[in-house]
Structures are given as structure tokens and as C-alpha cells.
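Engineer: I'd like to go over a predicted model; first the sequence, then the structure.
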Amino acid sequence: MRGGGRARQNAIRSGIVVLGSAAFGYLSYRVGFKPYLDRAQEAMDSHHNSDHAAASAEQPDHPGGDGDLPPSRDPAVVLRD
């Protein structure tokens with residue numbers, strides 16, 4: 001029975017190591033590619049803003065518009081729009 005407890009501890013330790021290495025890899029990716037990701041985000045925002053400006057010029061009175069809200073930096077909002 002004692003070996004079962006040791007196996008469980010090893011499994012938990014292995015899981016923690018895997019999660020830690022995945023977090024480290026994600027952070028390394030974000031830090032390493034940050035300039036490129038920021039540039040891509042700005043390109044998406046400017047493209048979205050130009051499309052939005054063209055659409056609002058065609059239809060000035062569209063219901064439920066965004067008003068004067070600044071563009072969001074949240075990826076979920078960018079993907080939703």
C-alpha cells in the first residue's frame with residue numbers, strides 16, 4: 001500500500017512539472033515574439049478601424065453603434081468583432 005502513495009506523489013509532481021514547463025514555454029513565446037505580436041495587433045486594429053470608418057461613412061445612422069469607444073486591446077473583443 002505504501003508504494004501506491006509514492007506513485008501518487010510522483011504523478012502529482014510530474015503534473016506540476018508539466019504545467020510549470022507549459023507556463024514557462026508560453027511566457028517565453030510571449031516575450032520572444034512580443035514585437036511581432038504587437039505589430040500584428042496594431043495592423044489588425046488599423047485595418048478594423050479603416051473598415052469601420054468606411055462602413056460608418058456609408059451608413060451614418062446605424063442602430064446600436066459603437067459610438068466613440070476606443071479600439072479594444074482584448075483579444076476576445078477583437079475576435080468577436
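Structural biologist: Alright, I've got the coordinates.

Engineer: what's stretch 31-39 in contact with?
Structural biologist: With CB atoms under 8 Å, 6 or more residues apart in numbering as the test, stretch 31-39 has contacts from R30. No exception for glycine: its C-beta is placed from N, CA and C like everyone else's.

Engineer: what residues of it count as buried?
Structural biologist: For stretch 31-39, a neighbour-count test (16 or more other CB atoms under 10 Å) marks nothing as buried.

Engineer: now the host helix or strand of S28: average pLDDT?
Structural biologist: Secondary structure from DSSP states H and E places S28 in helix 2-32. Mean pLDDT, helix 2-32: 92.

Engineer: now do the same end-to-end measure for stretch 29-39.
Structural biologist: Distance between the two ends of stretch 29-39: 15 Å, counting by CA to CA, to the nearest Å.

Engineer: kindly report the same for stretch 24-41.
Structural biologist: 23 Å.

Engineer: what's around G5, how many residues?
Structural biologist: Counted with other CB atoms under 10 Å, the neighbours of G5 add up to 9.

Engineer: ok, so what distance separates it from G15?
Structural biologist: 16 Å (CB to CB, to the nearest Å).
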